[in-house]
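Trainee: my questions are about this predicted structure, shown below with the sequence.
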Amino acid sequence: MKAANERQITELELSEHELSEIRMLIEERTGICFDKSRERFLVTRVREHLQARGFERGTDLLRAARKSNVEYEELLERLLTQETTFFRYPAVYEAFQKRALPELHIKKFWKNPRTLRVWSAGCSTGEEPYSIAITVADTLSFADAWNVEILATDVSRVALKQSETGRYSGRSISSVSEAQLAAHFSPVKNGQQVKPRLRKMVNFTQMNLASTVYVGRMDVIFCMNVLIYFSEQRRRSLVQHFYNTLEPGGYLFLGHSESISKMPVKFQAIVLNDCILYRKPTAEELQKSHSPTEGRS
Ligand SMILES: C[S@@+](CC[C@H](N)C(=O)[O-])C[C@H]1O[C@@H](n2cnc3c(N)ncnc32)[C@H](O)[C@@H]1O
């Protein structure tokens, strides 16, 4: 009999039941749903994993993943979608630069310490939090006089390890301008490395968004292209968590196809060019919107 790792991926045994158990395990622990549209992706990746790990059947994989966290994380890593690039949606960074940062600048300029806290939730391999750091460094006057803290979290340890090196090349940095490359990167073998000044702004931490922890108050949250993988119920509770985490007047940025218009949260939706950003109203603004219209008899 051929060893499992010599067999064709399609020969490996994987029943509907095993697949559904794997689907449930991942959804229960991370919130990630594999609906019909992602069925092929799931089957292909699970088969690849069976072969790579030398498991004969889906049941063996399930048993191992339930018993050992290391096995579970290896399976999870194979099922994550981590596509990302620097400045993935230019309109989002333009809105961050032209709307959110100037407003926060005015609000915080005389505060001591002058702190700006941004959370990149689901940061993948780090392109998003470093794009945030570049935008902040290029926008805030006297950026060095600010205490800028960018918390970058992801469930994937592999992605976080890559993020911490700050090394990028090819398509990933194709949207970084020449001026930004010169100011914020140093050439290294086969690519570019983010300079220490920016790397110091970003703190990478493993975090599962399905079991949220308190991260302190944030001025801005980016959670782009993560909610699309979650169930409606999980999306709602996460968006509520983001609302509670933001400072009044703080901003939430989501991916292009992620709308929260039908959710019962009190964000103000602001449309700027090709981007919708969500602002948490201040207590005063909330009160105004609830009080009866002035001048009514
Ligand atoms: C498609 S990437 C998005 C990266 C980046 N935000 C962007 O838009 O370019 C989705 C990221 O979400 C992460 N992710 C998925 N489920 C997660 C969870 N439950 N907790 C934390 N991160 C999660 C994945 O590991 C992946 O890195």
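Mentor: Happy to help now that I have it. Numbering: from 1, shown residues only.
Trainee: quick one, phi/psi of the residue nearest to Phe34 when sequence neighbours are not counted?
Mentor: Spatial nearest neighbour of Phe34, excluding adjacent residues (C-beta to C-beta, 6 or more residues apart in numbering): Leu42 at 4.5 Å. All C-beta spots, glycine's among them, are computed from the backbone N, C-alpha and C. Reported as degrees, to the nearest 10, the phi and psi values for Leu42 are phi -60, psi -50.
Trainee: give me the number of residues near Leu42?
Mentor: Residues near Leu42, counting by other C-beta atoms under 10 Å, number 16.
Trainee: check contacts around it.
Mentor: Taking C-beta atoms under 8 Å, 6 or more residues apart in numbering, we find Leu42 in contact with 19, 22-23, 34, 79.
Trainee: can you name the two of these that are farthest apart?
Mentor: Greatest spatial distance in the contacts of Leu42: Leu19 and Leu79, 11.8 Å, computed using C-beta to C-beta.
Trainee: mutual contacts of the two, please.
Mentor: The contact sets of Leu19 and Leu79 overlap at 42, 46 (C-beta under 8 Å, 6+ apart).
Trainee: what residue ranges in the stretch 151-297 of the chain score low on pLDDT?
Mentor: Scanning the stretch 151-297 of the chain for pLDDT under 70 picks out 292-297.
Trainee: can you rerun that using 50?
Mentor: Along the stretch 151-297 of the chain, the model assigns pLDDT under 50 to residues 294-297.
Trainee: quick check: residues of it near the ligand?
Mentor: 154-156, 159, 208-210, 224-226, 229, 255 (C-beta under 6 Å from any ligand atom).
Trainee: could you dump the contacts of Leu42 into TSV with pLDDT and secondary structure added?
Mentor: Formatted as TSV, these follow (pLDDT from 0 to 100; DSSP: H, G, I helix; E, B strand; the rest coil):
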residue	pLDDT	secondary structure
Leu19	94	helix
Ile22	96	helix
Arg23	96	helix
Phe34	95	coil
Leu79	98	helix
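Trainee: OK, contacts around Asn208?
Mentor: Taking C-beta under 8 Å, 6+ apart, we find Asn208 in contact with 29-30, 155.
Trainee: among the residues you listed, who's most crowded?
Mentor: Going by other C-beta under 10 Å, Val155 tops the contacts of Asn208 with 21 neighbours.
Trainee: quick one, phi/psi of it?
Mentor: Torsion angles at Val155 (phi, psi; degrees, to the nearest 10) stand at phi -80, psi -20.
Trainee: how about the contacts made by it?
Mentor: 30, 76, 80, 122, 206-209 are the contacts of Val155 under C-beta under 8 Å, 6+ apart.
Trainee: quick revisit: quick one: the residue nearest to Phe34 from Ser20, how far?
Mentor: Using C-beta to C-beta, to the nearest Å, Leu42 is found at 10 Å from Ser20.
Trainee: what of Asn190?
Mentor: Taking C-beta to C-beta, one finds Asn190 at 42 Å from Ser20.
Trainee: any regions of the stretch 1-150 of the chain where pLDDT drops low?
Mentor: 1-5.
Trainee: ranges for the helices of it?
Mentor: 16-30, 39-53, 58-67, 69-79, 90-95, 101-108, 127-139 (DSSP state H, counting those that start in this stretch).
Trainee: report all helices and strands that the shortest one contacts.
Mentor: Contacting helix 90-95 under the criterion 3 or more C-beta pairs under 8 Å, 6 or more residues apart in numbering; DSSP states H and E are the following elements: strand 268-272, strand 275-279.
Trainee: now, of these, which is deepest in the fold?
Mentor: Stretch with highest mean neighbour count among the helices and strands packed on helix 90-95: strand 275-279 (a mean of 20; mean count of other C-beta atoms under 10 Å).
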